[in-house]
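Enquirer: A structural model of the following input is requested.
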Amino acid sequence: MNAKSPDGTVKAVLGPTNTGKTHLAIERMCGHSSGMIGFPLRLLAREVYDRVAAIKGERQVALITGEERIEPPDARYFCCTVEAMPMQGRDYAFVALDEAQLAADPERGHIFTDRLLHARGREETMLLGSATLEPMVKALVPGAERIERPRFSTLRHAGGCKLSRLPPRSAVVAFSAEQVYAMAEMLRRFRGGAAVVMGALSPETRNRQVELFQNGEVDYIVATDAIGMGLNLDLNHVAFASLNKYDGKRKRRLSPAEMAQIAGRAGRHQRDGTFGTVSGLHGERGETPEFSDEEIYAIEEHRFQPLTHLFWREAEPRFDSLQALIDDLERAPDKAELRAAPEAIDLAVLKRLSEELFALEIRGAGLVRRFWEACSLPDFRQLGAEQHARFVARLWQDLSTGHLGADYVAARIAELDIMQGDIATLQGRIASIRSWAYICQRPDWVLGRDEMASRARAVEARLSDALHARLTERFVNRRTAILMKSMGQDGGTLPVMLEKDGRLTVEGESIGRLDGFRFSVDPGAALADRRMLLAAGEKALPAILEQRADWLLREGLGELELVQGAVRWDNRDLARIEMPADFGVPRLVLVRELSVLPEPSRKRLESGLLTWLAEKLEPLEPLRKLTEATRDPQAGSEARALLHTLIAGHGVVGRENAGLQHLPKELRPYLRKLGVQFGTLDIYAHALLKLAPRQLLHALGLDRRELQPAMLPVVPGAKRLPAGYRPAGTQAIRVDLAEKVLRAAFDARSKAGGQRNQRFGINPALGISIGLEPGNLERLLGAAGFRRHKSRELAEGAFGPPAPDVWTWHPRRADEGSGRNKGASDQSRRNKRHDQRKKGQRSSRPSPQAGPARGGGAFDALADLLG
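Expert: Residues are numbered from 1 along each chain as shown. Coordinates of the predicted model:
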């Protein structure tokens, strides 16, 4: 640093925000052989470091802040915070001080004043700041060249605006953490969320939040006055939620210059900006914050009261003793434009600890200087002088005799390496780790300095990531933010995507899911968001459903199924099936969800579903033929009546309910050609006993009886028999196989002669091989008129196989049912015999040639008419 350079090499570049002052300084520094720029914020120093490193290469650029130090051996360009600017033993061709008007800040102003007075470049020096600094530059640096730069864009007052109606790319400025959080919560509800920027955030977290806004993930940012210093944001409007702030001593109204510094963030480069207030909010006096006419004029015209003084403190005090150090730090300046700086935290800690007993042992310039360096540790935790002094005192126990042990520092860093907790907890940990990062950056404080500094930076990075995640989780509803930007678009251009798992997403955020063709809003959405999500989904539904319908007809027909009389896909009904009485071409009634399909697409889908359904209904062709025969005049009324009964039974009807006594024998061949089988106990259409037609009748909802999934020959009995089965004791047997067993029994009787009361044997192997138990086989044969006679047991002492049982057959009586009606028929027969005995009559018996019993079937009414 060349502190003796003449003032003629100094240029004071003054002007409002958005005048390109910092950009000019970067260009000038890169044009020199070496240079250094001091910035008010660590994040601004880091931003410029990245830009210069991209131009000059990382080996030639250094970054020096209180908590971070990147200094390659061959570095020629230095980006520093103002406090960390190397002031001794360095010589730079170019030196610049950014935001030099902060020399009037009560807390940090004395440091800026020192740099303004003494930081000089060998070839060129630049002081960058507000135009209000001009009188101070004239007085303190009289030979400096003053350059005024006009603002690139205009700034206009836009009045008050409700939070829910703020234009996109707006910043809301508040002056307390509580108000910042309240504004962010409301913006999350109204506009999908906002980024959050506060001085209490770590630089990394602040950068991540700014990036959230700059990348367009959110259109709003809520910040304290930290937004007015060095943050280059793509803002169109700045809205003040309050015009009062607490400055550490009292609550006061912002000065016009402070208002302009914040409002000037709106409008960058050639794009104009606006500023105003948030209406609908009420302060402590119940009034909405408003700018006065004078303040509006000053901000729009960039006319502010010039600075009348800067704060100063001795930058090179004596270190002879603690008292001499304190006296120099409290000494008044000797220039009228300078005022003694208020007592800063470092001086307060020094004075507090100088009263302790261990202070008596601090003697000699070296030890006093080291103690002052310890007291200068920034109070990142904002605990105040008393608490911060205790922390410094603990550090001094080790620093007074040497270094902080690596184990001790590592343990303190590890205690903070916890990512759980809420926003306030994480902020506290970040403040603490920043203290340790600063400690580890000191050249002679910590053993294993590089290792400990690396650990501290890694923990701070992880904590910053966790804090950013908490802020985003609490204050950003990314889905709502995206939809708010997209809702004005045409439905065809809305960026809604259909994922493989059925979710509808907008830029990766789920708004609901599509089950079949039914859209449902994400169940996790808040009640206030559901209407917006539904509107977004419905905008994009026609195009998405049309694509899904086309895919279904092209590739997805194999996934369709018939369930309870409906065509179903993806566990959702697409259409209800209305079958005509003749089992001809069915009619489809599409579900309501398909009404949003464009008309051509809906017709294509309906036609494709009908084609698919016609193929599926082919197993019902035998039933369709029976239905057509009911309209055939040649069939005769008796055959048509039987067909109607058979159709009503879906292919099976008990013989006792068929009314065969009215059917002329010459019509039976006609019915047999249609596939009708005349069994001993049942009349049935054999083709309809197959699995496919039974499943189809059940799926269509036409046959609501239980379905036997595999149409097994024999199944366990039940109160409700499966379709196509008849009871056989504790089991049920398929009617066609029951007829096969009975036909074998009749064949055995014929072979034995077939005479009345003729005894014959029946081989039970067929029934048992089918699956009938012996007792249930007897019950089935008994229903057809077969009776078993047990054989005599072998005489005592006789040897040989027992004689087989024998059977006889007796035709059923006219009033005798079969199967499940057998018990009722027996009781009726007993009652009739009792009545005949009372009247002295003999009960009449039918002739051996009697046929099947007369039933009260569909022919009863027809018989009365014919009679």
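Enquirer: the helices in the stretch 101-250 of the chain, which residues?
Expert: According to DSSP state H, counting those that start in this stretch, the stretch 101-250 of the chain carries its helices in the segments 109-118, 134-140, 177-191, 203-214.
Enquirer: tell me what the last one is packed against?
Expert: Think helix 203-214. The helices and strands touching helix 203-214, judged by 3 or more CB pairs under 8 Å, 6 or more residues apart in numbering; DSSP states H and E, are helix 42-56, strand 195-197, strand 220-223, helix 449-475. Placement of C-beta: from N, CA and C, glycine included.
Enquirer: Turn those into TSV, including distance to residue 120.
Expert: Putting those into TSV (distance: least, CB to CB, whole Å) gives the following:
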stretch	distance to residue 120
helix 42-56	20
strand 195-197	34
strand 220-223	35
helix 449-475	31
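Enquirer: need the ones you listed in a markdown table with distance to residue 363 and mean neighbour count, can you?
Expert: Conversion of those to a markdown table gives the following (distance: least, CB to CB, whole Å; neighbours: other CB atoms under 10 Å):
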| stretch | distance to residue 363 | mean neighbour count |
| --- | --- | --- |
| helix 42-56 | 35 | 19 |
| strand 195-197 | 46 | 29 |
| strand 220-223 | 48 | 30 |
| helix 449-475 | 27 | 19 |
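Enquirer: For residue 159, which of the ones you listed is the nearest?
Expert: Distance to residue 159, taken as CB to CB, is lowest for strand 220-223 among these, at 18.3 Å.
Enquirer: What mean pLDDT does the closest one get?
Expert: Here the mean pLDDT over strand 220-223 is 91, rounded to a whole number.
Enquirer: same thing with stretch 418-425?
Expert: Mean predicted lDDT for stretch 418-425 stands at 90.
Enquirer: Export stretch 365-377 to PDB, keeping only CA atoms.
Expert: What follows is stretch 365-377, C-alpha atoms only, in PDB (Å, rounded to 0.1, in the frame of the first residue of the first chain):
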ATOM      1  CA  ALA A 365       3.500  -3.900  23.100                       C
ATOM      2  CA  GLY A 366       3.400  -7.500  21.700                       C
ATOM      3  CA  LEU A 367       1.000  -8.800  24.400                       C
ATOM      4  CA  VAL A 368      -1.200  -5.700  24.300                       C
ATOM      5  CA  ARG A 369      -1.400  -5.800  20.500                       C
ATOM      6  CA  ARG A 370      -2.400  -9.500  20.700                       C
ATOM      7  CA  PHE A 371      -5.000  -8.800  23.400                       C
ATOM      8  CA  TRP A 372      -6.500  -6.000  21.200                       C
ATOM      9  CA  GLU A 373      -6.700  -8.400  18.200                       C
ATOM     10  CA  ALA A 374      -8.600 -10.800  20.400                       C
ATOM     11  CA  CYS A 375     -11.000  -8.000  21.500                       C
ATOM     12  CA  SER A 376     -11.500  -7.100  17.900                       C
ATOM     13  CA  LEU A 377     -13.200 -10.500  17.200                       C
END
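Enquirer: so where do the strands sit in the stretch 401-550 of the chain?
Expert: In the stretch 401-550 of the chain, the segments counted as strands under DSSP state E, counting those that start in this stretch are 496-498, 503-506, 509-515, 518-521.
Enquirer: In the shortest one, which residues are buried?
Expert: Which is strand 496-498. Going by neighbour count (16 or more other CB atoms under 10 Å), the buried part of strand 496-498 is 496, 498.
Enquirer: what's the answer for the last one, then?
Expert: Residues of strand 518-521 classed as buried by neighbour count (16+ other CB under 10 Å): 519, 521.
Enquirer: let's number from 736 now, not from 1
Expert: With 736 as the first residue, the last one maps to strand 1253-1256.
Enquirer: So what's the gap between that strand and the chain middle?
Expert: 15 Å (CA atoms, centre = their mean, to the nearest Å).
Enquirer: partner strands of that strand, parallel or antiparallel?
Expert: strand 1244-1250 (antiparallel) (DSSP bridges).
Enquirer: Can you give me the pLDDT of residue 763?
Expert: pLDDT, residue 763: 94.
Enquirer: what mean pLDDT does stretch 1234-1246 have?
Expert: On average, stretch 1234-1246 scores 70.
Enquirer: Could you give the number of residues near residue 1372?
Expert: Other residues within reach of residue 1372 by the criterion other CB atoms under 10 Å amount to 13.
Enquirer: Next: residue 890.
Expert: Using other CB under 10 Å, the number of residues around residue 890 comes to 23.
Enquirer: How about the contacts made by the residue nearest to it when sequence neighbours are not counted?
Expert: Computed as CB to CB, 6 or more residues apart in numbering, the closest residue to residue 890 that is not its neighbour in sequence is residue 1008, at 5.3 Å. Contact analysis of residue 1008 by CB atoms under 8 Å, 6 or more residues apart in numbering lists 888-891, 970-973, 998-1002.
Enquirer: Please save the CA atoms from stretch 1301-1315 in CSV.
Expert: Backbone C-alpha positions of stretch 1301-1315 (Å, rounded to 0.1, in the frame of the first residue of the first chain) are rendered in CSV as follows:
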residue,chain,number,x,y,z
ALA,A,1301,-68.6,-51.4,-17.1
VAL,A,1302,-65.5,-51.1,-19.3
ARG,A,1303,-62.7,-50.4,-16.8
TRP,A,1304,-59.1,-49.2,-17.2
ASP,A,1305,-56.6,-48.4,-14.5
ASN,A,1306,-59.2,-49.3,-11.8
ARG,A,1307,-61.5,-46.6,-13.2
ASP,A,1308,-64.7,-47.0,-15.2
LEU,A,1309,-64.6,-45.6,-18.7
ALA,A,1310,-68.1,-46.5,-19.8
ARG,A,1311,-71.2,-48.3,-18.6
ILE,A,1312,-72.5,-51.1,-20.8
GLU,A,1313,-76.2,-51.3,-21.7
MET,A,1314,-76.9,-54.7,-23.2
PRO,A,1315,-80.0,-55.0,-25.5
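Enquirer: distance between it and the chain's centre?
Expert: 31 Å.
Enquirer: try stretch 1045-1065
Expert: With CA atoms, centre = their mean as the basis, stretch 1045-1065 stands 59 Å off its chain's centre.
Enquirer: Can you give me the distance of residue 1510 to residue 1464?
Expert: Counting by CB to CB, to the nearest Å, the gap between residue 1510 and residue 1464 amounts to 6 Å.
Enquirer: For residue 1421, which non-adjacent residue is spatially closest?
Expert: residue 1412 (5.3 Å).
Enquirer: For the helix or strand hosting the one you found, which strands pair with it and how are they oriented?
Expert: Taking DSSP states H and E as the definition, residue 1412 sits inside strand 1411-1413. Applying DSSP bridges, strand 1411-1413 is found paired with strand 1417-1420 (antiparallel).
Enquirer: Run through who's touching the strand it pairs with.
Expert: With CB under 8 Å, 6+ apart as the criterion, strand 1417-1420 contacts 1357-1358, 1361, 1377, 1381, 1386-1390, 1393, 1395, 1409-1412, 1459, 1461, 1470-1471, 1473-1474.
Enquirer: Using CSV, list the CA coordinates for it.
Expert: The C-alpha trace of strand 1417-1420 is given here as CSV (Å, rounded to 0.1, in the frame of the first residue of the first chain):
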residue,chain,number,x,y,z
ASP,A,1417,-81.7,-79.9,-15.9
ILE,A,1418,-82.2,-78.3,-19.3
TYR,A,1419,-79.1,-76.4,-20.4
ALA,A,1420,-77.1,-75.0,-23.2
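Enquirer: Show me what the mean pLDDT comes to for it.
Expert: For strand 1417-1420, mean pLDDT rounds to 91.
Enquirer: Quick one: name whatever helix or strand follows that strand.
Expert: Counting by DSSP H and E, the element that comes right after strand 1417-1420 along the chain is helix 1426-1434.
Enquirer: which residues touch the very next helix or strand once past that next one?
Expert: Towards the C-terminus, the helix or strand next in line after helix 1426-1434, according to DSSP H and E, is strand 1449-1451. For strand 1449-1451, the surrounding residues in contact (CB under 8 Å, 6+ apart) are 1443, 1457, 1460, 1463, 1465-1469, 1472, 1505-1507.
Enquirer: Quick one: name whatever helix or strand follows strand 1449-1451.
Expert: With elements assigned by DSSP H and E, the helix or strand that comes after strand 1449-1451 is strand 1460-1463.
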